[in-house]
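K.L.:
pasting the structure only:
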Ligand code: SF4
């Protein structure tokens with residue numbers, strides 16, 4: 001998520017995972033402040049969070065879907081994200097999810113072609129990544145993104 005320059009220190013105090021040190025402009029998702037199905041720093045959340053209305057929230061507010069459908073979409077996304085995360089190497093898990101995926105993908109390009117087991121695992125993770133991207137685009141981007 002994007003951070004304005006004047007929000008960086010506040011985001012640091014909220015322990016959001018800043019990306020791009022020494023001059024961060026983003027924090028990584030999934031957000032560690034998301035706990036128990038809600039934002040644990042809601043009243044202090046960054047401006048990008050305040051202004052972000054994803055397609056699912058927009059549909060909920062418009063009455064096009066109900067809470068159960070919104071919950072189902074979120075649960076499905078989390079399930080896929082968990083699957084992706086569990087397939088990544090341990091050393092990548094301290095990065096944001098997408099940064100870890102990018103590193104994992106780069107490793108594939110440099111991998112030993114003879115390591116078949118690694119290639120199979122790598123392909124399975126990347127298929128889950130495609131599904132994750134699809135679900136994000138379909139239900140969780142903001143209108144016009
Ligand atoms: S709204 Fe809260 S939980 Fe969601 S990304 Fe922003 S700070 Fe994190």
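P.N.:
Cool, got the structure. Only a predicted model underlies this, so the values are computations on that prediction, with no experimental measurement involved. Numbers count the residues shown, from 1 in each chain.
K.L.:
Poorly predicted segments of the protein, please.
P.N.:
For the chain, the stretches flagged by pLDDT under 70 are 91-96, 108-114, 144-145.
K.L.:
Around the ligand, pick out the residues from it.
P.N.:
Residues of the chain found near the ligand (CB under 6 Å from any ligand atom) are 1, 31, 33, 34, 39, 41, 45, 49. Every C-beta, even on glycine, is put in place using the N, C-alpha and C of the backbone.
K.L.:
at 5 Å instead, please
P.N.:
Taking CB under 5 Å from any ligand atom as the test, the list of the chain residues beside the ligand reads 31, 33, 34, 39, 45, 49.
K.L.:
filter those residues to the buried ones?
P.N.:
Buried residues within the residues of the chain next to the ligand, counting neighbours by 16 or more other CB atoms under 10 Å: 31, 33, 45, 49.
K.L.:
per the record, what domains does the chain have?
P.N.:
5-51, 55-140 (automatic domain parsing).
K.L.:
measure the nearest residue to residue 31 once chain neighbours are set aside to residue 40 for me?
P.N.:
Here the nearest residue to residue 31 in space, its sequence neighbours aside, is residue 16; by CB to CB, 6 or more residues apart in numbering that works out to 6.6 Å. Applying CB to CB, to the nearest Å, the value for residue 16 to residue 40 is 11 Å.
K.L.:
So which of the two has more stuff around it?
P.N.:
residue 16 (25 against 13; other CB atoms under 10 Å).
K.L.:
Is that one in contact with residue 34, as I believe?
P.N.:
No. The pair residue 16 / residue 34 is not scored as a contact, 10.6 Å apart, by CB atoms under 8 Å.
K.L.:
contacting residues for residue 8?
P.N.:
18, 24, 25 (CB atoms under 8 Å, 6 or more residues apart in numbering).
K.L.:
if you set the cut-off to 10 Å instead, what comes out?
P.N.:
16, 18, 20, 21, 23, 24, 25, 26, 27, 46 (CB atoms under 10 Å, 6 or more residues apart in numbering).
K.L.:
Please spell out the ChimeraX selection for the buried subset of these.
P.N.:
With 16+ other CB under 10 Å as the criterion, this ChimeraX line picks the buried residues out of the contacts of residue 8:
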select :16,18,24,26,27,46
